[in-house]
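Student: show me the folded form of this:
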Amino acid sequence: MRIKYSLILVLFIMTAVLTEFTGVALAAETSPAGIQPVSPTEFAGKIDSAAKSAYKTAEPVIDTIASLVFSCTGIAAFFVLFAGMALFKRVIASLLTAGFGLLVYYGTPLIIGVIKGIALKLVN
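Tutor: Residues are numbered from 1 along each chain as shown. Below is the predicted model of the structure:
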């Protein structure tokens, strides 16, 4: 399941980078279906604005889920006193998973910025 989400994230980042730095011009004025072509920079701008709005929309949900996970983990940590080490391992795994998820979520703009910076250096 993690591999699936990782692949989706990689494909999304690659799509954003490729649409941002593609200099290919569209050949035809309109397609046979009557759809107007869009320039790569205009398409990249639309994708970027959609990604920003999705990121801002998901922020309250992500924070709430993380708070619930940390709260449940804190309660489970109290029950470790009674249940033993088997529950303790699960509590630690839960903390690490939630922490890594928040790190990836809040680090996504930085990661994309680094990728764009590397791509700019490679292009120029």
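
Student: these two touch, right, residue 87 and residue 81?
Tutor: No - contact criterion CB atoms under 8 Å: residue 87 and residue 81 do not qualify, at 9.6 Å. Placement of C-beta: from N, CA and C, glycine included.

Student: which one's more surrounded, the two?
Tutor: residue 87 (15 against 9; other CB atoms under 10 Å).

Student: and the more buried one, helix, strand or coil?
Tutor: Classification of residue 87 using DSSP: H, G, I helix; E, B strand; the rest coil returns helix.

Student: in what helix or strand does the residue in the chain sticking out farthest from the centre lie?
Tutor: Most distant from the centre of the chain: residue 82, at 38.1 Å, with distances by CA atoms, centre = their mean. Element membership of residue 82 [criterion: DSSP states H and E] is helix 40-83.

Student: again, but for residue 4
Tutor: In the assignment (DSSP H and E), residue 4 maps to helix 2-21.

Student: where in the protein is pLDDT low?
Tutor: Residues of the chain that meet the criterion pLDDT under 70 lie in 1, 5, 7, 10-12, 14, 16-32.

Student: switch the cut-off to 90
Tutor: 1-95, 98-99, 101-102, 104-113, 116-117, 119-124 (pLDDT under 90).

Student: which strands or helices does the helix holding residue 82 pack on?
Tutor: Using 3 or more CB pairs under 8 Å, 6 or more residues apart in numbering; DSSP states H and E, the elements in contact with helix 40-83 are helix 2-21, helix 85-123.
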